[in-house]
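Peer 1: Take a look and give me a structure for this.
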Amino acid sequence: MDHHRPEKRRRITPPPPTAGVGLPDDLLFMEVLVRLPVKCLLRFKCVCRSWRARMQDAGFVRRQRDFSRSSPPCMLVVARKNAYEDEEDEEFSEPEDIAFYRLRPGHKPGDFETKAAELLLDKAACPPEAAGVTDVIHAAHCDGMVALATTTNQVFVCNPATKELVALPLGSPDVDSDKFPSVAIGFDRWRNQYVVARYFYRRWCYDKSRRKLDYDIGHEVFTLGGGDSWELTVDPPHSIGGTPPVCVGDAFYWVCDGLEDPCPSSLLRFGLRDRTFDDLVPCPPHFAYNPAMDHLAELDGKLCHANNGASLTTFEVWQLADGDDVHPAQWSLRCRIDPGPLYDEGFGCYGFQPLWAAGGGMLVRVSDSDEMLYWCDEKGRGAQQVLDLEEDVDPEHDKELKNHVYHVVPYRESLVSITSSVIKV
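Peer 2: Model (predicted):
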């Protein structure tokens, strides 16, 4: 009789609990970490040497910058003492440390995430060899870096997020000591470099009786991380006035001086590719050559100009359409802002400066007896005050901010280093 042994059953061993699956480094760094605020990334650099090296890599810096470019900007505020109103007080002409505040617009016009300004960089001390940041300045922004022109020949560049402040070498001497400070900063995509530009006068004399301006003007650029001195360019074809320049696309746009006779009927375009003044752009309609009232701005990637226009009670924003070999660039009216009853209260009498446009609204810095930020409806349905700069820019931090001028620029933070030997982004 055959006896069959029963088949031995195989014991099935359940798999051990699965541990957390780690993300590949490329995915972790290039898709996840690049979306975090810069202050978080600076902390993560301390995790280990490999993380620090990865976050300093040009590819990571470029990826973070590109994400930042695609997001709505914050507003960077620099408060400086009003030296023009207190010329007799020596205290107001002395250079001092500088602080940067950040305001966050909301996701729709008429809203802010919070009215409390965030102090990004407090009392950034100037390098000891520098002349110091004067009260009167001009601020310009590009990819997280802010260029500051002063009333001396000194230009500073700061990255408030990384707390890097650099004094550039002194520029060429400027004999026009009374002019408004001006500086431009932009990205040269052909050389993968950031460029700072300024103009200066070798000779400037205005004869009021003859209404004749006698001048000799120069222009120079400084390549961040690519040199230790300013480089002279071809001289501008006209004198340049006090209206601040703007960088749009691949060019800086400067405004001519209205004192020149005959008065120039064009803006000056300095192309970053060839580093020369390559075109004369016709002035927008109703251009007044008034630094306090004429403002150039970049809105939606287009060159725009704001002024009082034909009416004394409205503000017009004009936009320059792209030209080609056949059709020259032309200005068209983008919108007309009617502040309504606010105009009778002095709305914009000392300045109407567009900062950013989104969702049919335009964020504007308005200067009158106070300094405010307004959301203005581009279809002419009025203006809504959203921030009082004197009240909302950290009044507890500095009780003396009441007598200040507020410089406001759109701002997108980045890890871009000012002092890298080569900025490969």
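Peer 1: Tell me if I'm right that Leu299 and Ala357 touch.
Peer 2: Yes. Under the contact definition of CB atoms under 8 Å, Leu299 touches Ala357, with a separation of 4.6 Å. In this view, the C-beta of every residue, glycine as well, is placed from N, C-alpha and C.
Peer 1: For the longest strand along the chain, which strands pair with it and how are they oriented?
Peer 2: Under DSSP state E, the strand in the chain containing the largest number of residues is strand 193-207. Take DSSP bridges as the rule and strand 193-207 pairs in its sheet with strand 184-188 (antiparallel), strand 212-223 (antiparallel).
Peer 1: now those strands as TSV including distance to Glu391 and mean pLDDT?
Peer 2: TSV is the format used below for the strands paired with strand 193-207 (distance: least, CB to CB, whole Å; pLDDT from 0 to 100):
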stretch	distance to Glu391	mean pLDDT
strand 184-188	30	96
strand 212-223	37	94
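Peer 1: Show me the one of those strands that comes nearest Leu168.
Peer 2: Between Leu168 and the strands paired with strand 193-207, the shortest gap by CB to CB is with strand 212-223, which sits at 5.5 Å.
Peer 1: mind exporting the closest one as PDB, just the C-alpha atoms?
Peer 2: Coordinates of the C-alpha atoms in strand 212-223 are reproduced here as PDB (Å, rounded to 0.1, in the frame of the first residue of the first chain):
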ATOM      1  CA  LYS A 212      21.100 126.900 -24.100                       C
ATOM      2  CA  LEU A 213      22.400 123.700 -22.700                       C
ATOM      3  CA  ASP A 214      26.100 123.100 -23.200                       C
ATOM      4  CA  TYR A 215      27.100 119.500 -22.300                       C
ATOM      5  CA  ASP A 216      29.400 116.600 -22.800                       C
ATOM      6  CA  ILE A 217      27.800 113.300 -21.700                       C
ATOM      7  CA  GLY A 218      29.300 109.800 -21.200                       C
ATOM      8  CA  HIS A 219      27.800 106.400 -20.400                       C
ATOM      9  CA  GLU A 220      29.400 103.300 -18.800                       C
ATOM     10  CA  VAL A 221      28.500  99.800 -17.800                       C
ATOM     11  CA  PHE A 222      29.700  97.400 -15.000                       C
ATOM     12  CA  THR A 223      29.500  93.600 -15.500                       C
END
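Peer 1: residues making contact with that strand?
Peer 2: 155, 168-169, 171-172, 188, 191, 193-207, 229-236, 239-240, 257, 259-261, 270, 275, 277 (CB atoms under 8 Å, 6 or more residues apart in numbering).
Peer 1: Against which helices or strands is the helix or strand following that strand packed?
Peer 2: Note on strand 212-223: by DSSP states H and E, the next helix or strand toward the C-terminus is strand 231-232. With contacts taken as 3 or more CB pairs under 8 Å, 6 or more residues apart in numbering; DSSP states H and E, strand 231-232 sits against strand 212-223.
Peer 1: How far does the strand it packs on sit from its chain's centre?
Peer 2: Distance of strand 212-223 from its chain centroid, counting by CA atoms, centre = their mean, to the nearest Å, is 23 Å.
Peer 1: Same check on stretch 234-244?
Peer 2: Put simply, stretch 234-244 sits 20 Å off its chain's centre (CA atoms, centre = their mean).
Peer 1: Show me what counts as buried in that stretch.
Peer 2: Residues Pro236, His238, Ser239, Ile240, Gly241, Gly242, Thr243, Pro244 are the ones in stretch 234-244 that count as buried (16 or more other CB atoms under 10 Å).
Peer 1: Return the list of strands paired to the host helix or strand of Phe252, each annotated with direction.
Peer 2: Counting by DSSP H and E, the element that carries Phe252 is strand 251-255. Each strand paired with strand 251-255, and its direction, by DSSP bridges: strand 246-248 (antiparallel), strand 266-271 (antiparallel).
Peer 1: Pull the residues that contact it.
Peer 2: When contacts are defined by CB under 8 Å, 6+ apart, strand 251-255 is touched by residues 182, 184, 186, 197, 199, 236, 240-243, 245-247, 267-272, 278, 281, 289, 294, 296, 303.
Peer 1: how about the helices in the stretch 301-425 of the chain?
Peer 2: For the stretch 301-425 of the chain, applying DSSP state H, counting those that start in this stretch gives helices covering 389-392.
Peer 1: shaky segments in it?
Peer 2: Scanning the stretch 301-425 of the chain with the threshold set as pLDDT under 70 gives 309-312, 324-325, 344-346, 369, 394-403, 421-425.
Peer 1: now with 50?
Peer 2: 397, 401, 421-422, 425 (pLDDT under 50).
Peer 1: Next up, the contacts around Lys302.
Peer 2: By CB under 8 Å, 6+ apart, Lys302 lies in contact with Val248, Gln319, Leu320, Ala321.
Peer 1: filter those to the buried ones?
Peer 2: Of these, these count as buried by 16+ other CB under 10 Å: Val248, Gln319, Leu320.
Peer 1: hang on, the second one packs against Glu298?
Peer 2: No. Proximity of Gln319 to Glu298 does not meet the contact threshold set by CB under 8 Å, at 10.5 Å.
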